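S.K.: what would the 3D arrangement of this be:
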Amino acid sequence: MSENTINKLFEKLTLSKQDKKKIEDIILSLDSGLIRVAEKKEKKWVTYEWIKKAILLYFKIRKMETITLDPFEFHDKIPLKKGFKKKQIRVVPHALIRHGSFVNKNVIVMPSYVNIGAHIESGTMIDTWATVGSCAQIGKNVHVSGGVGIGGVLEPLQANPVIIEDNCFIGSRCIIVEGVIVKKEAVLGAGVTLTQSTKIIDVTGKKKIYYTGEIPERSVVIPGSYEKEFAAGKFFVPCALIIGKRKKSTDKKTTLNQVLREFKLST
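M.R.: So this is what the prediction gives:
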């Protein structure tokens with residue numbers, strides 16, 4: 001299935017049975033991890049708009065149907081993912097994972113929600129009441145703590161998804177949206193909010209260093225605030241503070257809580 005084919009289908013007003021089959025094949029490839037909405041090439045993340053178009057087309061061709069998981073009932077267009085035992089995925093009730101998302105083996109999904117187009121790599125934990133939005137990319141051995149909100153993105157088509165690289169720890173109740181990239185082995189303390197407009201300030205040196213839309217590798221981050229003047233007066237606006245770097249000797253998964261304790265952070 002080529003990019004050109006999906007681009008042509010996206011412009012058509014009516015879709016044939018053959019067209020619909022092509023769209024369903026793309027979603028099946030997403031579901032099995034053969035393709036993904038974004039991938040890293042030469043140290044840079046690339047987003048494939050044509051795959052996002054295929055997801056939007058899938059919504060268009062699907063009909064509403066009743067999904068019964070006794071005693072629960074749902075009414076939706078997108079079926080739920082199945083076959084977890086064969087895929088070697090641990091899924092705890094009431095975790096909901098939509099068809100068209102990829103979850104690799106040895107992932108643990110606590111009661112939470114994973115949307116279509118998301119890609120979650122092996123060894124990762126999606127903890128209780130976390131949400132992984134459409135097209136979000138989650139790396140290997142990531143811990144997404146309870147109540148974390150990972151934003152989704154289907155439109156606009158050119159918008160990049162949220163990306164959490166390998167071996168990151170995302171503290172409870174963090175919010176990461178608008179295509180922010182959290183680079184590998186970073187640690188986010190509880191309650192950090194990251195958007196494209198959030199000021200990310202490295203305060204480890206004598207001079208502040210500012211970042212936007214990206215957390216550097218191995219950074220340890222906590223929520224902060226800075227004073228800003230408005231017409232009505234001066235108020236404090238949320239920001240994110242980089243307060244240090246993980247040590248080279250720190251284990252990538254089992255001692256992340258120790259990293260947080262070293263910097264007096266909660267999880």
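
S.K.: could you use CA atoms for every contact and neighbour count after this?
M.R.: Fine.

S.K.: show me the contacts for residue 217.
M.R.: 182, 183, 184, 185, 186 (C-alpha atoms under 8 Å, 6 or more residues apart in numbering).

S.K.: ok, residue 122 - how many residues close by?
M.R.: 19 (other C-alpha atoms under 10 Å).

S.K.: tell me which two in the contacts of residue 217 are the farthest apart.
M.R.: 182 and 185 (8.6 Å; C-alpha to C-alpha).

S.K.: find residues that contact each of the two.
M.R.: Joint contacts of residue 182 and residue 185 (C-alpha under 8 Å, 6+ apart) are 165, 168, 217.

S.K.: output the residues you listed as TSV; include the columns secondary structure, pLDDT and distance to residue 262.
M.R.: Formatted as TSV, the shared contacts of residue 182 and residue 185 follow (DSSP: H, G, I helix; E, B strand; the rest coil; pLDDT from 0 to 100; distance: C-alpha to C-alpha, whole Å):
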residue	secondary structure	pLDDT	distance to residue 262
165	coil	98	22
168	coil	96	16
217	coil	97	18
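
S.K.: remind me, longest helix of the chain?
M.R.: For the chain, the helix with the greatest residue count under DSSP state H is helix 17-32.

S.K.: need the residues that contact that one.
M.R.: With contacts defined as C-alpha under 8 Å, 6+ apart, helix 17-32 is touched by 1, 6, 9, 35-36, 51, 54-55, 57-58, 61, 99-103, 117.

S.K.: what does stretch 56-75 give?
M.R.: If you take C-alpha under 8 Å, 6+ apart as the criterion, stretch 56-75 is touched by 10, 20, 23, 24, 27, 76, 77, 78, 79, 154.

S.K.: now with 10 Å, please.
M.R.: 6, 9-10, 14-15, 17, 19-24, 26-27, 50-52, 54, 76-80, 100, 154-155, 157 (C-alpha atoms under 10 Å, 6 or more residues apart in numbering).

S.K.: quick revisit: in helices only, show me the contacts of helix 17-32.
M.R.: Checked against DSSP H, the contacts of helix 17-32 include these in helices: 6, 9, 51, 54, 55, 57, 58, 61.

S.K.: what values do phi and psi take at the residue lying closest to residue 158 once chain neighbours are set aside?
M.R.: Taking C-alpha to C-alpha, 6 or more residues apart in numbering, and ignoring the residues beside it in sequence, residue 158 has residue 49 as its nearest neighbour in space, at 6.3 Å. Phi and psi for residue 49, reported as degrees, to the nearest 10, are phi -60, psi -30.
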